[in-house]
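Q: Provided below for reference: sequence and predicted model.
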Amino acid sequence: MLGLLITFIIIPIAIGLQLEEYDIDSSLFIPAFTAVIGSFGLYFLRQWRRRKRIETALEAELNQMSDLKSLPDNLGELEPAPPDDDIPAEVVPTPEALPTDVYDSNLPELSLLHSWVYRDVVGFYTQLKRHKPTLREIHLQKEEEDITMSNQEDLYREAEELKEKRSKLLRKLG
């Protein structure tokens, strides 16, 4: 607030006083000052609109990941649970059901998000992308091939956390 006060009131008054001291026509200063302030205003408006578009797109992508809601419950019902047995393909979503296209295509733009949203978006998608190869292996597994059990254990342990991170992000973006 103090910055706005200085920018819009104090600096123009000080410059106006200096212009009168040197006998410079202050009517030239007003349009120039208006143009500079207008340019900054337009810049911030465009940044705000870009951030809103990214937030809306991420929210839409997160809404498509509804399979994450039931993942912890599905994994919790397994008997025996990993590491004692492999996770069957029927209880986990396919990697395609958990899209990351919006995130991937907007990586350079994510810095427009507020820091508390940015941190959560990157944390969620990093964890999700770490588990997508495991999901792919589970759905493509053949009888003679074994999936790395530690990856399945990680997925089993972190399913609830993924669900909670998604819900938290939806609340922040919505």
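A: Nice, I can see it.
Q: name the residue closest to the centre of this protein, please.
A: Taking Cα atoms, centre = their mean, the centroid of the chain lies closest to V121, which sits 3.4 Å from it.
Q: what is the mean pLDDT for the longest helix anywhere in the chain?
A: Counting residues, the longest helix found in the chain (DSSP state H) is helix 29-63. Averaged over helix 29-63, pLDDT sits at 88.
Q: tell me the pLDDT of F8.
A: pLDDT for F8: 52.
Q: nope, E143 is what I was after
A: For E143, the predicted pLDDT is 50.
Q: got it, and H131?
A: 90.
Q: how about the nearest residue to it, chain neighbours excluded?
A: L155 (5.1 Å; Cβ to Cβ, 6 or more residues apart in numbering). Where C-beta positions appear, they are placed from N, C-alpha and C, glycine not excepted.
Q: quick one: residues contacting that neighbour.
A: L75, P82, I87, V92, H131, T134, L135 (Cβ atoms under 8 Å, 6 or more residues apart in numbering).
Q: list the buried residues for the helix or strand hosting the last one?
A: Right, the one you point to is L135. According to DSSP states H and E, L135 maps onto helix 115-140. Within helix 115-140, the residues scored as buried using 16 or more other Cβ atoms under 10 Å are V117, D120, V121, F124, Y125, L128, H131, K132, T134, L135, E137, I138.
Q: what are the buried residues along the helix or strand following it?
A: The helix or strand immediately downstream of helix 115-140 is helix 149-173, counting by DSSP H and E. For helix 149-173, a neighbour-count test (16+ other Cβ under 10 Å) marks 151-152, 154-156, 158-159, 162-163, 165-166, 169, 172-173 as buried.
Q: save those as CSV, and put in pLDDT and distance to R53 too.
A: Shown next, in CSV, are the buried residues of helix 149-173 (pLDDT from 0 to 100; distance: Cβ to Cβ, whole Å):
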residue, pLDDT, distance to R53
N151, 80, 35
Q152, 82, 37
D154, 86, 34
L155, 85, 32
Y156, 82, 36
E158, 88, 30
A159, 87, 31
L162, 93, 25
K163, 92, 26
K165, 94, 22
R166, 94, 20
L169, 94, 16
K172, 92, 16
L173, 91, 12
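Q: of those residues, closest to Q47?
A: Nearest to Q47 among those: L173, at 17.1 Å, using Cβ to Cβ.
Q: list the contacts for the residue lying closest to that closest one once chain neighbours are set aside?
A: Excluding the flanking residues, the one nearest L173 by Cβ to Cβ, 6+ apart is E59, at 4.2 Å. With contact set as Cβ under 8 Å, 6+ apart, E59 has these partners: L170, L173, G174.
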